[in-house]
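K.L.:
Any chance you can model this:
(2 chains)
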There are 2 protein chains.
Amino acid sequence: MNIDVINLKQKASLVKDLHQYKLIAQMNNYNFTLIKAKRVMGWHSHPETDEVFIVVEGKMKIELRDKMLELAEGEMVVIPKGIEHRPVCEEEVCCLLIEPSGTLNTDNTGGAIQSEIEWI
Amino acid sequence: MNIDVINLKQKASLVKDLHQYKLIAQMNNYNFTLIKAKRVMGWHSHPETDEVFIVVEGKMKIELRDKMLELAEGEMVVIPKGIEHRPVCEEEVCCLLIEPSGTLNTDNTGGAIQSEIEWI
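P.N.:
Numbers count the residues shown, from 1 in each chain, chains lettered A, B, ... in the order given. Coordinates of the predicted model:
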């Protein structure tokens, strides 16, 4: 069993393409994935699970129906299950996501599934 | 429902005492706790769950039976369930722990339970 230190910024430097989820760690049945993004995603919610965002580099917003969250490097938020949200990445951001390995990435009807993601 | 941005270093600045677990977030049944530590803990393992350490400030080591992990700020490690480990904090470190809310903190026979931890 390989137990190694993971440097978040070093892993971020390995992510070359935008909007590709990359797996960096697993804890029980949870995936820790990095994504670099520069786009406004669609409104969606995850009916079965909370979702954690931790900003590793850059900054981003997450729009809720009643307010806008602004996250900078070193900041995190938990989006509770069932809560509609929309990630708004106006500039390039690298974000660490924590969610169960079966969670759909983008919305509830399509996109890559967290269990099929490439390791970096 | 309160959904707010959590700044990890700002939360760390609120932790005044060493060796007191403080809750900063929950995702499903998982606790995100901060602890400031300066001590060598005892060898222990968690038979039921993996455990995540993310260093927020300072640096620390985690000794395994076959090697020593050295973690600096912005680095993380997953200790798989059942693996004996010993956190070695030679200088003050602030660490974010992610583990199920029922996990015993210190070892498998005593110490505070993650479900009884104060929020900051």
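K.L.:
Strand B:30-37 and the helix or strand hosting A:Leu34, what's the angle between them?
P.N.:
Using DSSP states H and E, A:Leu34 falls within strand A:30-37. Per axes from the mean of the first three to the mean of the last three C-alpha atoms, to 10 degrees, the angle that strand A:30-37 makes with strand B:30-37 is 90 degrees.
K.L.:
Return the distance of strand A:30-37 from the chain's centre.
P.N.:
With C-alpha atoms, centre = their mean, to the nearest Å as the basis, strand A:30-37 stands 5 Å off its chain's centre.
K.L.:
and the next helix or strand after that strand, C-alpha only, in PDB?
P.N.:
On the C-terminal side of strand A:30-37, the closest following helix or strand by DSSP H and E is strand A:51-57. Extracted in PDB, the C-alpha atoms of strand A:51-57 (Å, rounded to 0.1, in the frame of the first residue of the first chain):
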ATOM      1  CA  GLU A  51     -20.100  18.600  -1.800                       C
ATOM      2  CA  VAL A  52     -17.000  20.300  -0.600                       C
ATOM      3  CA  PHE A  53     -15.000  22.900  -2.700                       C
ATOM      4  CA  ILE A  54     -11.500  24.000  -1.500                       C
ATOM      5  CA  VAL A  55      -9.800  26.600  -3.700                       C
ATOM      6  CA  VAL A  56      -6.100  25.600  -4.300                       C
ATOM      7  CA  GLU A  57      -5.200  28.400  -6.700                       C
END
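K.L.:
What residues of stretch A:20-34 count as buried?
P.N.:
A:20-28, A:30-34 (16 or more other C-beta atoms under 10 Å in any protein chain shown). From N, CA and C alone the C-beta is placed, and that goes for glycine too.
K.L.:
export these to TSV and tack on distance to chain B?
P.N.:
Formatted as TSV, the buried residues of stretch A:20-34 follow (distance: C-beta to the nearest C-beta, whole Å):
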residue	distance to chain B
A:Gln20	21
A:Tyr21	17
A:Lys22	15
A:Leu23	12
A:Ile24	9
A:Ala25	5
A:Gln26	7
A:Met27	4
A:Asn28	5
A:Tyr30	8
A:Asn31	11
A:Phe32	8
A:Thr33	13
A:Leu34	12
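K.L.:
what stretches of chain A score poorly on pLDDT?
P.N.:
A:105-115 (pLDDT under 70).
K.L.:
Within range of chain B, give me the residues from it.
P.N.:
Counting by C-beta under 8 Å from any C-beta of the partner chain, chain A comes close to chain B at A:1, A:3-9, A:25-28, A:30, A:32, A:49-52, A:64, A:69-72, A:74-81, A:83, A:98, A:100.
K.L.:
element containing the residue nearest to the spatial centre of chain A?
P.N.:
In chain A, the centroid-proximal residue (C-alpha atoms, centre = their mean) is A:Leu97; its distance is 3.1 Å. Element membership for A:Leu97 (DSSP H and E) is strand A:93-100.
K.L.:
Please name every helix or strand in contact with the next helix or strand after that strand.
P.N.:
Next helix or strand after strand A:93-100 toward the C-terminus (DSSP H and E): strand A:118-119. Contact here means 3 or more C-beta pairs under 8 Å, 6 or more residues apart in numbering or on different chains; DSSP states H and E; on that basis strand A:118-119 packs against strand A:22-27.
K.L.:
list the contacts for the closest residue to A:Glu92 other than its chain neighbours?
P.N.:
Sequence neighbours aside, A:Lys38 is the residue nearest to A:Glu92 in space, at 4.5 Å (criterion: C-beta to C-beta, 6 or more residues apart in numbering or on different chains). The contact partners of A:Lys38, by C-beta atoms under 8 Å, 6 or more residues apart in numbering or on different chains, come to A:18, A:89-93.
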